[in-house]
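Novice: Just to be clear, the model below is a prediction. Sequence and coordinates:
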Amino acid sequence: MKVHNFNAGPSILPNEVLYKASKALIDFEGSGMSILEIGHRTPLFQAVLDEARNLVKELMQLDDDFEVLYLHGGATTQFMQVPLNFLENDGTASYIDTGVWSNKAIKEAKQYGFVDVAASSKDSQYNHIPKQFNISPKSSYLHITTNNTIYGTQWQKIPDVDVPLIADMSSDILSRPMDFNKFTLIYAGAQKNMGAAGTTLVAVRKSALGKVTRKIPTILDYRNHIENGSMLNTPPVFAIYISMLTLRWLKEQGGAAAMEVENEKKANLLYNEIDQNPLFRGTTVKEDRSRMNISFIMDKPELEEEFLKFCKKEDIVGIKGHRIVGGFRASLYNALPYESVEVLVEAMKYFSLKKA
Ligand SMILES: *Cc1c(COP(=O)(O)O)cnc(C)c1O
């Protein structure tokens with residue numbers, strides 16, 4: 001291992017993915033060409049795209065109504081593309097506001113129709129997931145952010161609602177089993193739990209499309225991507241290849257169920273230390289704690305810089321908190337080994353003893 005990489009995104013990838021990809025950069029599958037040099041409409045790349053899309057369907061156990069697309073533009077483009085395809089000018093969509101990313105989604109949706117913010121945890125600095133809300137049956141859809149990367153909260157139970165459910169799963173996709181078939185559309189930037197930056201996964205129900213009357217630009221209409229097998233234009237070839245390798249690795253580990261076991265072990269280890277160590281304190285309510293992004297602070301903020309320096313010496317990377325929340329944030333994505341969390345916990349113990 002190189003360092004203990006707790007980066008929030010882009011983030012750690014499995015070593016074997018990096019190794020395989022490095023070979024493909026020079027000679028892809030014995031073709032005499034780099035993966036960066038092959039045509040996207042060749043059998044060589046078609047096999048990669050097919051395998052990636054099939055692995056998503058298999059690992060998420062999606063029913064046959066779903067189409068899996070690998071698009072450009074990041075999750076941020078989905079903030080706009082979702083309302084463009086699902087929300088009429090005079091229609092209403094419901095959103096639950098659980099932090100920075102849901103806010104950005106709300107802001108975009110307001111450009112296309114009415115937004116009903118059905119619940120928000122803003123008044124308590126987004127330290128929890130709202131439990132009480134009513135969704136109007138007239139709503140075109142309900143949008144949630146399943147894991148809040150910046151504040152460190154996560155929906156533990158996906159709500160049952162009578163309107164189509166749409167989710168931003170950028171930072172916890174395939175980190176746990178879930179009834180993905182409850183959703184109408186799921187999107188996730190690949191760079192946190194399923195690959196490298198440069199492509200965004202969209203899984204969408206075919207039967208839900210084509211219901212708005214507005215004109216949709218060609219590249220932003222999901223139906224065109226479906227018709228063209230996720231190859232409407234040149235796809236992000238290398239990013240899709242990395243995602244395919246990451247999904248292959250995930251399947252070898254035992255899929256989302258095995259990930260959940262590991263992720264719980266890792267998160268419990270770190271949360272236990274945060275709760276026991278007198279120097280550190282969690283920032284979210286316990287019942288909504290994220291297993292992916294763990295945010296914590298110190299009661300003596302003047303020691304924060306020193307702790308960061310100490311961690312750096314121990315090869316612990318990427319634990320500085322987001323500028324909005326401050327303190328620390330450790331991201332424990334699927335590819336992060338348990339051993340890295342052990343090293344971080346040891347560092348916290350040692351630092352705390354030194355300062356006692
Ligand atoms: C990182 C992140 C985004 C932004 O993704 P981009 O691919 O950079 O657009 C959106 N939503 C969530 C929950 C995220 O964690």
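Specialist: Looks like it came in fine.

Novice: Please count neighbours and contacts with C-alpha atoms only from this point.
Specialist: Noted.

Novice: List the single closest residue to Leu174 in space, sequence neighbours excluded.
Specialist: Ranked by CA to CA, 6 or more residues apart in numbering and with sequence neighbours excluded, the top spatial neighbour of Leu174 is Ala256, at 5.2 Å.

Novice: Could you tell me which other helices and strands whatever helix or strand that neighbour lives in packs against?
Specialist: Secondary-structure assignment from DSSP states H and E places Ala256 in helix 255-276. Using 3 or more CA pairs under 8 Å, 6 or more residues apart in numbering; DSSP states H and E, the elements in contact with helix 255-276 are helix 43-60, helix 237-253, strand 280-282, strand 293-298, helix 338-355.

Novice: Low-confidence stretches in this protein?
Specialist: Scanning the chain for pLDDT under 70 picks out 1.

Novice: Could you list the domains of it?
Specialist: Listed by automatic domain parsing, the domain ranges of the chain are 15-253, 255-355.

Novice: for those domains, which one sits closest to the ligand?
Specialist: Nearest to the ligand among the domains of the chain is domain 15-253 (3.4 Å), distances taken as CA to the nearest ligand atom.

Novice: Which one of the domains of the chain lies nearest to Lys2?
Specialist: The stretch from those with the least distance to Lys2 (CA to CA) is domain 255-355; that distance is 8.2 Å.

Novice: which residues are there in the stretch 151-300 of the chain that come within reach of the ligand?
Specialist: Counting by CA under 6 Å from any ligand atom, the stretch 151-300 of the chain comes close to the ligand at 168, 170-171, 189.

Novice: any idea which of the residues you listed has the most stuff around it?
Specialist: Of all these, Gly189 has the most neighbours under the rule other CA atoms under 10 Å, reaching 31 neighbours.

Novice: ok, that residue - contacts?
Specialist: By CA atoms under 8 Å, 6 or more residues apart in numbering, the contact set of Gly189 is 74-75, 170-171, 197, 199-201.

Novice: Farthest-apart pair in the residues you listed, please.
Specialist: Greatest spacing in the contacts of Gly189, by CA to CA: Ser171 and Thr199 (14.0 Å).

Novice: how about CSV for the residues of the stretch 151-300 of the chain next to the ligand, with secondary structure added?
Specialist: Below are those laid out as CSV (DSSP: H, G, I helix; E, B strand; the rest coil):
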residue, secondary structure
Asp168, strand
Ser170, coil
Ser171, coil
Gly189, strand
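
Novice: what's the closest of those to Phe351?
Specialist: Closest to Phe351, out of all of these and judged by CA to CA, is Ser171, at 29.4 Å.

Novice: I'd like to know how far the residue nearest to that closest one when sequence neighbours are not counted sits from Asn272.
Specialist: Nearest-residue entry for Ser171: Lys192, 5.6 Å, with adjacent residues in sequence omitted and distances by CA to CA, 6+ apart. To Asn272, Lys192 is 24 Å away according to CA to CA, to the nearest Å.

Novice: Tyr95 falls within a strand, correct?
Specialist: Yes: with three-state DSSP as the criterion, Tyr95 is located in a strand.

Novice: neighbours around it, how many?
Specialist: Count around Tyr95 with other CA under 10 Å applied: 26.

Novice: residues touching it, list them.
Specialist: Listed by CA under 8 Å, 6+ apart, the contact partners of Tyr95 are 102, 106, 115-119, 142-144.

Novice: Can you tell me the number of residues neighbouring the nearest residue to Gly39 once chain neighbours are set aside?
Specialist: In this structure, Gly39 finds its nearest non-sequential neighbour in Phe45, 7.3 Å apart by CA to CA, 6+ apart. Neighbour count for Phe45, taken as other CA under 10 Å: 19.

Novice: Need the residues that contact stretch 7-26.
Specialist: For stretch 7-26, contacts defined as CA under 8 Å, 6+ apart pick out 5-6, 33-36, 149, 191-193, 195-197, 242, 245-246, 249, 293, 317-319, 329-331, 333, 335-336.

Novice: these two touch, right, Gln156 and Asp288?
Specialist: Yes: counting by CA atoms under 8 Å, Gln156 does reach Asp288; the two are 6.6 Å apart.

Novice: Many thanks, we can stop here.
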